[in-house]
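[1] got a structure for you, letters missing:
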């Protein structure tokens with residue numbers, strides 16, 4: 001198994017964003033996708049069957065199966081998506097995925113936020129060992145779900161991190177401080193930093209800044225807001241501070257990022273089966 005891509009989409013509500021994530025598409029013959037929804041109203045259409053999205057719902061899509069997300073901006077959807085590739089000799093996992101789609105959706109509950117965030121961080125890292133760890137975690141989850149398990153029996157540390165992620169994701173437009181986060185979790189700042197670093201391989205505030213940059217990327221590519229307006233929306237102290245942080249994380253200034261992204265948008269990024 002290999003994780004091809006892992007994304008987190010926070011409150012999908014801009015029209016261009018709705019159009020992109022709501023495109024009707026399918027993946028290659030060896031690719032499987034998992035969607036885990038944290039909130040919002042809409043429908044997930046899988047193999048042309050429409051399901052109502054509810055918090056804590058997980059869907060599995062097989063290769064070349066048409067699927068799409070239909071949502072409105074009134075109650076925006078937040079979700080994780082994990083795209084996997086299986087080799088031909090992984091017959092047990094292939095069979096498991098087929099059973100999973102037949103029984104999809106699964107209502108696994110809303111306490112998997114940290115689980116999927118950890119998968120995303122590991123899968124996108126340059127470490128082979130971390131990537132393999134993420135693959136084994138995904139396989140374990142699928143077997144547990146197939147066995148009828150409904151929720152995680154998190155230890156105290158995982159519950160703290162689950163709550164921390166929920167607070168940061170919910171307040172991505174605000175300006176949280178480390179002391180405010182630690183206070184919400186009833187932890188000391190030093191213990192929180194150590195705990196977060198051990199599991200996420202970064203500090204809490206670096207992760208929080210990364211969330212802001214991901215949100216800024218969506219605003220740059222899906223809205224016509226100015227750089228100054230985006231900086232204010234995300235509670236940066238100034239347009240200069242926003243631009244500096246954005247370039248540090250992406251390698252591009254916001255203006256060039258917007259221009260570069262818009263130039264690259266095209267059919268090569270998707271398979272539009274309903275327009276063939």
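    Noted; the coordinates are in hand. Remember, it's a predicted structure, so these values are computed and weren't measured experimentally.

[2] and after the worst-scoring helix or strand of the chain on mean pLDDT, which helix or strand comes next?
    One helix or strand of the chain scores below all others by mean pLDDT, DSSP states H and E: helix 15-21, with a mean of 70. Scanning forward in sequence from helix 15-21 by DSSP states H and E, the next helix or strand is strand 31-39.

[3] partners of that following strand in the sheet?
    strand 57-61 (antiparallel), strand 77-85 (antiparallel) (DSSP bridges).

[4] what's the angle from the next helix or strand after the first one to strand 31-39?
    This points to strand 57-61. Counting by DSSP H and E, the next helix or strand C-terminal to strand 57-61 is strand 67-71. Note on geometry: by axes from the mean of the first three to the mean of the last three C-alpha atoms, to 10 degrees, strand 67-71 and strand 31-39 are set 20 degrees apart in direction.

[5] and among the strands paired with strand 31-39, the most buried is which?
    Counting by mean count of other C-beta atoms under 10 Å, strand 57-61 has the highest mean neighbour count of these, with a mean of 23. In short, each C-beta sits where N, CA and C put it, glycine included.

[6] re earlier: turn the strands paired with strand 31-39 into CSV, including distance to residue 131 and mean pLDDT.
    Converted to CSV, those look like this (distance: least, C-beta to C-beta, whole Å; pLDDT from 0 to 100):
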stretch, distance to residue 131, mean pLDDT
strand 57-61, 21, 92
strand 77-85, 12, 92
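
[7] for those strands, which one sits closest to residue 170?
    For the strands paired with strand 31-39, proximity to residue 170 was assessed by C-beta to C-beta; strand 77-85 is nearest, at 9.3 Å.

[8] give me the number of residues near residue 178?
    When neighbours are defined as other C-beta atoms under 10 Å, residue 178 has 14 of them.

[9] list the contacts for it?
    189, 192-193, 204-205 (C-beta atoms under 8 Å, 6 or more residues apart in numbering).

[10] redo those residues as CSV? Include pLDDT.
    Output for the contacts of residue 178, formatted as CSV (pLDDT from 0 to 100):
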residue, pLDDT
189, 95
192, 94
193, 95
204, 94
205, 95
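
[11] how is this protein divided into domains?
    According to automatic domain parsing, the chain comprises the domains 2-153, 159-264.

[12] go through those and find the least confident stretch.
    For the domains of the chain, mean pLDDT drops lowest on domain 2-153, to a mean of 86.

[13] now the helices: where do they sit in this structure?
    Counting by DSSP state H, the segments of the chain that form helices are 15-21, 91-103, 113-123, 128-146, 156-170, 178-185, 189-200, 204-222, 227-233, 239-250, 254-264.

[14] winner for burial among these?
    Mean neighbours per residue, mean count of other C-beta under 10 Å, is largest over the helices of the chain for helix 113-123, with a mean of 21.
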